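Chemist: Structure for the following, please:
(chains A and B)
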Amino acid sequence: MRIEIAHGRVIDPVTGSDRVASLHVDAGRIAGIGEAPAGWRADRILDARDCVVCPGLVDLSARLREPGLEHKATLESELAAAVAGGVTSLACPPDTDPPLDEPGLVEMLKHRARTLNLAHVYPVGALTAGLRGEALSEMSELAEAGCVAFSQADAVLVDTQVLLRAMQYAGTFGHRVWLRPQDAHLARGGVAHDGEVATRLGLPSIPVSAETIALATILALVRETGVPVHLCRLSSAAGVAMVRAAKEEGLPITCDVAVHHLHLADIDIGWFDPLANLTPPLRSTRDRAALRAAVANGTIDAICSDHAPVDDDGKQVPFGEAETGATGLELLLPLTLKWAAEDRVPLPEAIARITHAPASVLGIGQATLGAGAAADICVFDPHEAWTVRRQSLLSQGKNTPFLGLEVIGAVRYTLVGGEVVHERKQKD
Amino acid sequence: MSRNPQLGRNGELVHLLTLEGLPAEVITHILDTAEPFASLGERDVKKVPLLRGKAVFNLFFENSTRTRTTFEIAAKRLSADVINLNIGASSTSKGETLLDTVDNLCAMNADMFVVRHSQSGAPHLIASHLTAMGRSHVHVVNAGDGRHAHPTQGLLDLYTIRHYKKDFRGLTVAIVGDVLHSRVARSLIHGLTTMQTAQVRVIAPRTLVPAQMEALGVKVCNDAREGLRDCDVVVMLRLQNERMKGALLPSPGEYFKNYGLTGEKLALAKPDAIVMHPGPMNRGVEIDTPVADGARSVILPQVTFGIAVRMAVLSIVAAN
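Modeler: Next comes the predicted model:
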């Protein structure tokens, strides 16, 4: 199949390309940008005028809910949501039921994803058996089955001796370790940021020190072992400052932030909106400002959707009993564009935070439009406005605090491996 | 921030969920409405027909004796039919969700829910759900949700203070005890600040004061003696048994030593200061018996006023 993506603004943060041109795709790979090779004829031409053509988005945290939690979402629904959001590669955390701690589960997941032939799925394996934080998982076996990294998802590893050993063991074989910094004790029972809003609403709270203490522990172990760690979903200004200092020190760390944390703060809980019950909790507006600045200056490497489809039963309960998380695969692009527009971040840099940077963290090769690269491509209209509604989301999870918000940036075409896996009818 | 669902389109009170953001005129109207009800209990016929034919469901997901009883009496004096449900021991333990319970009771033609729940925000959830289901004629009165609010307690406290002190504007009110977990304290604070009370003080050790408490318009005093000095009103909070020994406090004895209201500590307040307590009291833990039973204690009148205030709330909400 030969496809020409015609006359779009081609932005590739890896090659530095940013120009209006046509992109040629041949046999699943990028054939070139600009003039078509002599004698080359496209089987299909995609009109990309007034659109941006960029590498497919790479999402570092998207829960697909398989195996075990199919009442919340399935691979079919969530991978359709992924490509509708321009996401062509995603990492799924191991907090399934059972957790991804056995090669068979991982192989099954990979197989199911391949059969669907939508976005590429990169499972993150459980760092410890059952995510229980006691015994190491069979990381080599799991890596062979397809795990690209190992994490505890949101199950905090309380025992620091096990954490040290898990890092040493992973480091022995070059496996990647991802950790979300949260102290289990300080976070115990908490559902909201420890600040004015939680005080007003009488919600049990989680102090910022729950993040910074865990960060200090992780950074000390990185310093001691030299094992690289990717830090998942920072939430606080103090956490950002620690990461910046650790990077300046030369520690081998990277980190990400959930896109909703760039836009929301604890005040958005309003009168107990369970949709705003997220993990980590939404913090103060000052924390939000620090996170936004940190993405702009590169302290935070990547933006992820932290996609967590939750069924209505999980959200139509009092705030403190609500399942945490928000659906996000289809909002990663427009919410990233919103941040970039508001903070005057150049489009290529914003795109790098959801393509090139997370691809580097994943270690799956470059997300690029350079000749010869795999043709995973997102074509979006950067001007089209649409309103986030339950019915506009393909994800089975309709749970997002952004319901009702008008966003700008609509995915027109998504290509995976040179094939159009999603296309959206143009508005009249 | 989303609009508070307790006010209707014209600012009328359709539910009572919290005192936060409630205009001073609305609070004053409730207190004024309660005045004639306060003397009703002394009459031979203690009933008025304001809620005749209405079904009031006391929906208690958490144990309560005093609040449930006073709500029941209030509704009965208004001639309503009162149905008491102690859900803690029934549906939810069988796995029924909160909103399913509400829908079922709506199907029984409930006109009003008086809700107590251990989760902050549960009455808000019910109120929003009723609106979403097109049942906006069904009213919700919060009888205490988690640590968040206990608005009728706050109102009866305001009523008591107004009864004895007439005007809020010159007053210094001290609230002593476990503010962190107290919905009573939060509601009273919002009520007092709305009524332009000169100074509201919160007296507690740092383990029992939530973050950024000052943002609610109060002065935090960790030293009880400093905080009680020249107060007009002292409101003692109940200390839950399970919090007396642990990481929050070492022992009831040490708490009493530092924060328990004794005659000696009360002497620091103004000579005509009144002492209040939402009950039930722990004598010898937060309050000394001679003070609880002393001439300045208005703890029992609070209970009596509570019925009148709840009658006022039920009748106002039902009329909107």
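
Chemist: From here on, just use CA atoms for contacts and neighbour counts.
Modeler: Fine.

Chemist: Touching the biggest helix by length in chain B from outside, list them.
Modeler: Ordering each helix of chain B by length in residues (DSSP state H) puts helix B:299-319 first. Residues from elsewhere that reach helix B:299-319 (CA atoms under 8 Å, 6 or more residues apart in numbering or on different chains): B:13-16, B:30-31, B:33-35, B:37-38, B:50-51, B:70-71, B:73-75, B:77-78, B:112, B:139, B:141, B:152-153, B:155-157, B:159-160, B:275-279, B:292.

Chemist: for it, the distance to its chain's centre please.
Modeler: 11 Å (CA atoms, centre = their mean, to the nearest Å).

Chemist: quick one: buried residues of that helix?
Modeler: For helix B:299-319, burial by neighbour count (16 or more other CA atoms under 10 Å in any protein chain shown) applies to B:299, B:302-318.

Chemist: Against chain A, how distant is the residue nearest the centre of chain B?
Modeler: With distances taken as CA atoms, centre = their mean, the residue of chain B nearest its centroid is B:Gln153 (2.1 Å). Separation of B:Gln153 from chain A (CA to the nearest CA, to the nearest Å) stands at 16 Å.

Chemist: Return the residues in contact with that residue.
Modeler: By CA under 8 Å, 6+ apart, the neighbours of B:Gln153 are B:184, B:187-188, B:278, B:306.

Chemist: Among these, which lie within strands?
Modeler: In strands, judged by DSSP state E, none of these are found.

Chemist: For the residues you listed, give me TSV that also has pLDDT.
Modeler: TSV is the format used below for these (pLDDT from 0 to 100):
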residue	pLDDT
B:Val184	97
B:Ser187	98
B:Leu188	98
B:Pro278	96
B:Gly306	96
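
Chemist: out of the residues you listed, who has the most neighbours?
Modeler: In terms of neighbour count, B:Gly306 stands highest of the contacts of B:Gln153 at 28 neighbours, by other CA atoms under 10 Å in any protein chain shown.

Chemist: how about the strand or helix carrying A:Glu4: buried residues?
Modeler: Counting by DSSP states H and E, the element that carries A:Glu4 is strand A:2-12. Of all the residues in strand A:2-12, those buried under the rule 16+ other CA under 10 Å are A:2-12.

Chemist: can you check stretch A:205-217 too?
Modeler: Buried positions in stretch A:205-217, judged by neighbour count with 16+ other CA under 10 Å: A:205-217.

Chemist: repeat for stretch A:308-321
Modeler: By neighbour count with 16+ other CA under 10 Å, stretch A:308-321 contains the buried residues A:308-311, A:314-321.

Chemist: Sort out for me which of these are in strands.
Modeler: Per DSSP E, those never map to strands.

Chemist: from the residues you listed, which are also near chain B?
Modeler: Restricting the buried residues of stretch A:308-321 to those within reach of chain B (CA under 8 Å from any CA of the partner chain) leaves A:316-321.

Chemist: which two in those are spaced the farthest apart?
Modeler: Largest separation among these by CA to CA: A:Gln316 and A:Gly320, giving 11.0 Å.

Chemist: quick revisit: show the buried residues in the contacts of helix B:299-319.
Modeler: In terms of neighbour count (16+ other CA under 10 Å), the buried residues within the contacts of helix B:299-319 are B:13-16, B:30-31, B:33-35, B:37-38, B:50-51, B:70-71, B:73-75, B:77-78, B:112, B:139, B:141, B:152-153, B:155-157, B:159-160, B:275-278, B:292.

Chemist: got a pLDDT number for B:Glu242?
Modeler: pLDDT, B:Glu242: 81.

Chemist: Could you pull up phi and psi at it?
Modeler: phi -70, psi -10 (degrees, to the nearest 10).

Chemist: just B:Val234 next, same as before
Modeler: According to degrees, to the nearest 10, B:Val234 has phi -120, psi 120.

Chemist: same deal with A:Leu179?
Modeler: phi -140, psi 140.

Chemist: what about the residue lying closest to it once chain neighbours are set aside, distance to A:Gly328?
Modeler: Distances taken as CA to CA, 6 or more residues apart in numbering or on different chains place A:Leu231 nearest to A:Leu179, at 5.1 Å, with adjacent residues excluded. A:Leu231 is 19 Å from A:Gly328, where distance means CA to CA, to the nearest Å.

Chemist: These two: who's more crowded?
Modeler: Counted by other CA under 10 Å, A:Leu231 and A:Gly328 do not tie: A:Gly328 has more neighbours, with 32 against 23.

Chemist: May I have the predicted confidence score for that one?
Modeler: So, for A:Gly328, pLDDT stands at 97.

Chemist: what's near enough to touch it?
Modeler: So A:Gly328 contacts A:305-308, A:400 (CA under 8 Å, 6+ apart).

Chemist: For A:Phe380, what is the enclosing helix or strand?
Modeler: Here A:Phe380 is assigned to strand A:377-387, by DSSP H and E.

Chemist: Counting by contacts, list what that strand packs against.
Modeler: On a contact count with 3 or more CA pairs under 8 Å, 6 or more residues apart in numbering or on different chains; DSSP states H and E, strand A:377-387 meets strand A:52-55, strand A:406-416.

Chemist: And the contacts of the first one?
Modeler: If I follow you right, that is strand A:52-55. So strand A:52-55 is contacted by A:8-12, A:351, A:355, A:367-369, A:376-382 (CA under 8 Å, 6+ apart).

Chemist: One more pass at 6 Å, please.
Modeler: A:8-12, A:367-368, A:377-380 (CA atoms under 6 Å, 6 or more residues apart in numbering or on different chains).

Chemist: what would the residues you listed look like in JSON lines with pLDDT?
Modeler: Listed next are the contacts of strand A:52-55 as JSON lines, based on pLDDT from 0 to 100:
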{"residue": "A:Gly8", "pLDDT": "97"}
{"residue": "A:Arg9", "pLDDT": "98"}
{"residue": "A:Val10", "pLDDT": "98"}
{"residue": "A:Ile11", "pLDDT": "98"}
{"residue": "A:Asp12", "pLDDT": "97"}
{"residue": "A:Ala367", "pLDDT": "94"}
{"residue": "A:Thr368", "pLDDT": "95"}
{"residue": "A:Ile377", "pLDDT": "98"}
{"residue": "A:Cys378", "pLDDT": "98"}
{"residue": "A:Val379", "pLDDT": "98"}
{"residue": "A:Phe380", "pLDDT": "98"}
